[in-house]
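> Here is a sequence together with a model predicted from it:
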Amino acid sequence: MSTEQALTRPLTMALSKGRIFEETLPLLKAAGVHVAENPEESRKLIIATSNPGLRLIIVRASDVPTYVEYGAADLGIAGKDILNEHAAEHPGGLYQPIDLNIAKCRLAVAVKNGFDYAAAVRQGNRLRVATKFVHAAREHFAAKGVYVDLIKLYGSMELAPLVGLADAIVDVVSTGNTLRANDLVAVEDIMPISSRLVVNRAALKTRYAELQPLLDAFERASQPSVA
Ligand code: PRT
Ligand code: MG
């Protein structure tokens, strides 16, 4: 993209549909920004806001870091699970100024009910682990000294232990309902997850005056409330 294109367009923020979009709306509201359209209904991928200087683009959750790193979006919001995997391939590619404390969950190891995980680990067995979070899984098991064969999946990880694809999965868990519904149980927590604001490194310099009020408002709105 030419520099001219980048400077004349409104600030562009990349979001994924679903929980991140929904939990970002109150933060935008706190910054005085209203979003007229719901991407679930309108199917539009570029969404205007009440602020002519800010538009939203709707992308897959895993693609948010890519849009922001390459400057197609100036800023974006993504889960730490996704950012952690992206950073493994592109270290330092994104500026991550604010933990927004939204879309909270945890990254965990889960197995089929009745699978003796402790024994499998103790006996030094080679564990087959299916996950979308290959980097986090590799680091977790390496730190424990457990040998693993990692199987990369893009979704529905919960199925893998049920059909014999893997002994264990590494996935994000929030209520735990999906694990329970599929006769799985979490046996280890890897890390707590929340979503962060990420900013393109060049935009941070060239568009700081426009970014600053948004960053300030997000920072204030995302503080855990003091009782
Ligand atoms: O869905 P898609 O394949 O497009 O991508 P995605 O799953 O990465 O996106 P999305 O929108 O589902 O999640 C975006 C971000 O929300 C993730 O990157 C996490 O940081 C965060 N988040 C918070 C979650 C959950 N909670 C969550 N529960 N992401 C996914 N889930 C899944 C979970 O894996 C399970 O399969 O939702 C299902 C229900 O969870 P339970 O535990 O409440 O039953
Ligand atoms: Mg999902």
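Nice, I can see it. Ligands and ions are numbered 1, 2, ... in the order given.

> Pull out the buried residues from stretch 191-203.
193-200, 203 (16 or more other CB atoms under 10 Å). Placement of C-beta: from N, CA and C, glycine included.

> swap that for stretch 65-75, please
Of the residues in stretch 65-75, those with enough neighbours to count as buried (16+ other CB under 10 Å) are 65-69, 71-75.

> now, among the residues you listed, which is nearest to ligand 1?
Distance to ligand 1 across these (CB to the nearest ligand atom) is lowest for P65, with 10.7 Å.

> Please tell me how far E40 sits from L150.
To L150, E40 is 33 Å away according to CB to CB, to the nearest Å.

> Which ones among the buried residues of stretch 191-203 map onto helices?
Using DSSP state H, A203 are the members of these that sit in helices.

> Output the buried residues of stretch 191-203 as JSON lines; include the columns pLDDT.
JSON lines is the format used below for the buried residues of stretch 191-203 (pLDDT from 0 to 100):
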{"residue": "I193", "pLDDT": "98"}
{"residue": "S194", "pLDDT": "98"}
{"residue": "S195", "pLDDT": "98"}
{"residue": "R196", "pLDDT": "98"}
{"residue": "L197", "pLDDT": "98"}
{"residue": "V198", "pLDDT": "98"}
{"residue": "V199", "pLDDT": "98"}
{"residue": "N200", "pLDDT": "98"}
{"residue": "A203", "pLDDT": "98"}
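
> Tell me how far the longest strand seen in the chain lies from the chain's centre.
Secondary structure of the chain per DSSP state E: the longest strand is strand 95-112. Its chain's average C-alpha position is 7 Å from that of strand 95-112, according to CA atoms, centre = their mean, to the nearest Å.

> can you dump the C-alpha coordinates of it into PDB?
Coordinates of each C-alpha in strand 95-112 appear next as PDB, following Å, rounded to 0.1, in the frame of the first residue of the first chain:
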ATOM      1  CA  TYR A  95       3.100  -3.200  19.600                       C
ATOM      2  CA  GLN A  96       0.900  -4.500  22.400                       C
ATOM      3  CA  PRO A  97       0.100  -1.600  24.700                       C
ATOM      4  CA  ILE A  98      -3.000  -2.600  26.500                       C
ATOM      5  CA  ASP A  99      -4.500  -5.800  28.000                       C
ATOM      6  CA  LEU A 100      -8.200  -5.100  27.500                       C
ATOM      7  CA  ASN A 101      -9.300  -7.700  30.000                       C
ATOM      8  CA  ILE A 102     -12.000  -9.000  27.600                       C
ATOM      9  CA  ALA A 103     -12.800 -12.400  26.100                       C
ATOM     10  CA  LYS A 104     -11.200 -14.100  29.100                       C
ATOM     11  CA  CYS A 105     -10.500 -17.800  29.100                       C
ATOM     12  CA  ARG A 106      -7.500 -20.100  29.700                       C
ATOM     13  CA  LEU A 107      -5.300 -22.300  27.600                       C
ATOM     14  CA  ALA A 108      -5.400 -25.800  29.000                       C
ATOM     15  CA  VAL A 109      -4.500 -29.400  28.400                       C
ATOM     16  CA  ALA A 110      -7.600 -31.700  28.300                       C
ATOM     17  CA  VAL A 111      -8.000 -35.500  27.900                       C
ATOM     18  CA  LYS A 112     -10.800 -38.000  27.600                       C
END
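
> Packing partners of that strand?
Judged by 3 or more CB pairs under 8 Å, 6 or more residues apart in numbering; DSSP states H and E, strand 95-112 is in contact with helix 19-30, strand 75-79, helix 80-89, strand 168-173, strand 184-199, helix 208-221.
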